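**Student:** Sequence first, predicted model second:
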Amino acid sequence: RASHAFRDYPSLSKLVVICTISGGGLAAYSDVRPFGNVYADAAQPAIKKKKVVVLGTGWAGTSFLKNLKDPSFDIQVVSPCNYFAFTPLLPSVTVGTVEARSVVEPIRNIVRKNNLDFGFKEAECYKIDTVNKKVHCKPTQNNSMGGKEEFTVDYDYLIIAMGARANTFNTPGVVENAHFLKEVEDALRIRRSIIDCFEKASLPSVNEEEKKRILHFVVVGGGPTGVEFAAELHDFLHEDLIKLYPDLEKYISITLLEAGDHILNMFDKRITAFAEEKFQRDGISVKYGSMVVKVADKSITLKERSSGETKHIPYGMVVWSTGIGTRPVITDFMKQIGQGNRRVMATDEWLRVEGVPNVYALGDCATINQRRVLEDIAAIFSKADKSGSGKLNVEDFNEVIKDIIERYPQVEIHLKSKKLKNFVQLLETHQGESAKQTTLDIEKFKSALSEVDTKMKSLPPTAQVAAQQGEYLAECFNRMKECDENPEGPIRFRDSGRHRFKPFRYKHLGQFAPLGGEQTAAQLPGDWVSIGHSTQWLWYSVYASKLVSWRTRFLVVGDWGRRFVFGRDSSRI
Ligand code: FAD
């Protein structure tokens, strides 16, 4: 067992003495050989490796670490979690459809396979100092072994992948009284709380009114997470708990509060309609246009948009799932680097934090600054006008368009009045004829760009985006040495100030919305929609294949099988 542990913590193996007591004798071993390539041969001259510090072990950070293959970096990871959690299965953890340990994988286990020079600190970064190239950290509160000393970690390259926090919109009482569904601990707390409600409602001293309140479960937010949780909860209550608490069935209710007019409004209308009808059939009460203004310990206060009326709803448990906000450490960092007026930290298309050398940000904590992309495009057009006539001929124009579309494939433009597909459409709209057939008036084009209202479509804060960004950045780091040795780089990006690599491209692979009762909706590329039991099997296979290791895959599939045969476990442990 100890040798297994040393495989995961190689740098500690020299310091640990193993004592075994057998048959009255005491034996001590201290010569446990380390695994991996952590110790350089003493005879070899030490080469100072560039230090890459990664903050966070979520989707973005882990994807970066998993795909990094170049052992010439010294990788230091700082995160309050020493594991990666597969967040899409967290709603299933809240009701025991899958167990918490099945959806997590130790980060050391993931990185070990790449044979990297790697160190991990279970700590929180609370300050980033870009002047001295240091991050300031403090140990997490989770660690029962204590350890309060703060420390700093130097970096040559910093990768910020700290994700986001739940957004409460400063609604009073949310932090104190509601559950969030963001981390594994949140899911476990919700699971315990559901059972608590049932045990509490079973006590002889509790009257009917109180039973109704305690067994009223409220979900705030009709996005994918809130909807999936409500569906999982409904299945748990109706498939498992009512068998164990038959007398309480008549008191159970679930309410979903949504501030907008529909749930799942980022999905195709067919999916939204199906989900709303299904919830109605299942008896999940969905209240639209309901703004929660306060969460007290036993009731929620909401304001109805249509009537302006204020209502108090008694509840037993509330789960808050209304989207994400910026972490305080990121807000401080943004102020420090002159991005204090922004809501989300901005990077360029190479995921470099704007204005800070050698600092990258990916995943939910950052967004690509689309306004800058537009300026960049305007500059490309101007530059292509070598004659200075203010016009481009068809040949040059086609070259430029090809270049832009290759660099910015995810471009979708929103004008004040309409949504356009790409730049060619923007030009066509502006020039009134096919842009490909004519010479281009650059000034007109620039003024067209200045009309662009909501900028280009920004990427959604999803695991899919975070994982692809992590993989992209790892690929850049894997090729960094090669590019240093061949500084010319690809012809297209040879200009001074340009990055050596192609910009990040997001490839949307579709999204799922599990709706309970073994039914799922899927919106796949090309706006292909599929809903029902067969899509649930697609969901099972996609998620099983996306799990980070064979161990977790095996455990999750086992949990699904166990649930089919024995149902979900309702013990409060
Ligand atoms: P995270 O995965 O949140 O990781 C952030 C990391 O930073 C964590 O390891 C955290 O511990 C660490 N950290 C936090 N603070 C600090 C600090 N101060 N210092 C150092 N480290 C820190 N997306 C999908 O695409 N499909 C889905 O089906 C889906 N389902 C979801 C279900 C749920 C319940 C939730 C909560 C999210 C879901 N998402 C889904 C969204 C997806 O999980 C996020 O978009 C994704 O996790 C973002 O990745 P990230 O690496 O940016 O952040």
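**Tutor:** Nice, I can see it. Numbers count the residues shown, from 1 in each chain.

**Student:** near the ligand, which residues of the stretch 301-450 of the chain show up?
**Tutor:** 327, 329, 363-365 (CB under 6 Å from any ligand atom). In this view, the C-beta of every residue, glycine as well, is placed from N, C-alpha and C.

**Student:** buried subset of those?
**Tutor:** 327, 329, 363-365 (16 or more other CB atoms under 10 Å).

**Student:** Next one, pLDDT for residue 81 please.
**Tutor:** We have a pLDDT of 94 for residue 81.

**Student:** Now for it, how many residues are close by?
**Tutor:** 18 (other CB atoms under 10 Å).

**Student:** so residue 479 makes contact with residue 501?
**Tutor:** Yes: counting by CB atoms under 8 Å, residue 501 is a contact partner of residue 479 at 7.0 Å.

**Student:** Show me which of these two is the more surrounded one.
**Tutor:** The neighbour count for residue 479 versus residue 501, taken as other CB under 10 Å, is higher for residue 501 (20 against 14).

**Student:** Need the nearest residue in space to the more buried one, chain neighbours excluded.
**Tutor:** residue 476 (4.8 Å; CB to CB, 6 or more residues apart in numbering).

**Student:** what about the one you found, is that helix, strand or coil?
**Tutor:** Under DSSP: H, G, I helix; E, B strand; the rest coil, the three-state class of residue 476 is helix.

**Student:** how much space between it and residue 469?
**Tutor:** According to CB to CB, to the nearest Å, residue 476 and residue 469 sit 11 Å apart.

**Student:** thinking again about what came up before, just name the closest of the residues of the stretch 301-450 of the chain next to the ligand to residue 285, please.
**Tutor:** residue 364 (30.5 Å; CB to CB).

**Student:** What does residue 67 show for phi and psi?
**Tutor:** phi -100, psi -10 (degrees, to the nearest 10).

**Student:** Could you tell me how many residues sit around the closest residue to it other than its chain neighbours?
**Tutor:** The shortest distance from residue 67 to any non-neighbouring residue, by CB to CB, 6+ apart, is to residue 474 (3.5 Å). When neighbours are defined as other CB under 10 Å, residue 474 has 20 of them.

**Student:** ok, now which ones touch residue 474?
**Tutor:** 63-69 (CB atoms under 8 Å, 6 or more residues apart in numbering).

**Student:** likewise residue 63?
**Tutor:** Neighbour list for residue 63: 466-471, 474 [criterion: CB under 8 Å, 6+ apart].

**Student:** now for those residues, which pair is the farthest apart?
**Tutor:** 466 and 474 (12.7 Å).

**Student:** Show me where the stretch 351-500 of the chain dips below the pLDDT cut-off.
**Tutor:** 370-371, 373-374, 390-392, 394, 398, 401-402, 404-458, 485-500 (pLDDT under 70).

**Student:** ok and the residue in it nearest the ligand?
**Tutor:** Per CB to the nearest ligand atom, residue 363 is where the stretch 351-500 of the chain lies closest to the ligand, at 2.1 Å.

**Student:** same question, the stretch 51-200 of the chain
**Tutor:** For the stretch 51-200 of the chain, CB to the nearest ligand atom, closest residue to the ligand: residue 58, 1.7 Å.

**Student:** Look up phi and psi at that residue.
**Tutor:** phi -90, psi -150.

**Student:** how much space is there between the closest residue to it other than its chain neighbours and residue 330?
**Tutor:** Distance criterion CB to CB, 6+ apart; nearest residue to residue 58, sequence neighbours excluded, is residue 163 at 4.8 Å. In this view, residue 163 and residue 330 are 9 Å apart by CB to CB.

**Student:** Need the overlap of contacts for these two.
**Tutor:** residue 365.

**Student:** I'd like the average pLDDT over stretch 335-346.
**Tutor:** According to the model, stretch 335-346 has a mean pLDDT of 90.

**Student:** can you list contacts of that stretch?
**Tutor:** Residues outside stretch 335-346 that contact it (CB under 8 Å, 6+ apart): 128, 130, 160, 326, 330, 333-334, 353-356, 361, 365-369, 372.

**Student:** quick one: the strands in the stretch 51-200 of the chain?
**Tutor:** 73-79, 83-85, 104-106, 117-129, 134-139, 151-154, 157-160, 165-166, 179-180 (DSSP state E, counting those that start in this stretch).

**Student:** got the contact list for the third one?
**Tutor:** The one in question is strand 104-106. With CB under 8 Å, 6+ apart as the test, strand 104-106 has contacts from 8, 82-86, 184, 548-549, 551-552.

**Student:** same thing with stretch 225-243?
**Tutor:** 91-92, 94-97, 181, 194, 198, 217, 219-220, 248-249, 252, 254, 256, 258, 263-264, 275, 279, 282-284, 319, 321-322, 513-517, 567-568, 570.

**Student:** Now intersect these with the strands, please.
**Tutor:** If you go by DSSP state E, those have 217, 219-220, 254, 256, 284, 319, 513-516 in strands.

**Student:** List just the nearest of the residues you listed to residue 296.
**Tutor:** Nearest member of those to residue 296, counting by CB to CB, is residue 220, at 13.7 Å.

**Student:** what does this structure put close to the ligand?
**Tutor:** 55-61, 78-81, 87-88, 90-91, 124-125, 161-163, 181-182, 225, 327, 329, 363-365, 461-464, 466.

**Student:** Low-confidence ranges, the stretch 101-250 of the chain, go.
**Tutor:** Low-confidence segments of the stretch 101-250 of the chain (pLDDT under 70): 142-147.

**Student:** ranges for the helices of it?
**Tutor:** 107-112, 174-177, 184-201, 208-214, 224-235, 242-244 (DSSP state H, counting those that start in this stretch).

**Student:** most packed of those helices?
**Tutor:** Across these, the average number of neighbours (mean count of other CB atoms under 10 Å) peaks for helix 224-235, which reaches a mean of 25.

**Student:** okay, the angle between that one and strand 253-257?
**Tutor:** 170 degrees (axes from the mean of the first three to the mean of the last three CA atoms, to 10 degrees).

**Student:** can you state the direction angle for helix 224-235 and helix 184-201?
**Tutor:** 40 degrees.

**Student:** Off-centre distance for helix 224-235?
**Tutor:** 19 Å (CA atoms, centre = their mean, to the nearest Å).

**Student:** Kindly report the same for stretch 264-272.
**Tutor:** 21 Å.

**Student:** that older thread, can you tell me which of the buried ones among the residues of the stretch 301-450 of the chain next to the ligand end up in strands?
**Tutor:** Among those, no member lies in strands (by DSSP E).

**Student:** So residue 560 sits against residue 97, correct?
**Tutor:** Yes: applying CB under 8 Å as the test, residue 560 and residue 97 come out as touching, 7.4 Å apart.

**Student:** Which one's more surrounded, those two?
**Tutor:** Neighbours per residue (other CB under 10 Å) separate residue 560 from residue 97, with residue 97 holding more: 20 against 16.
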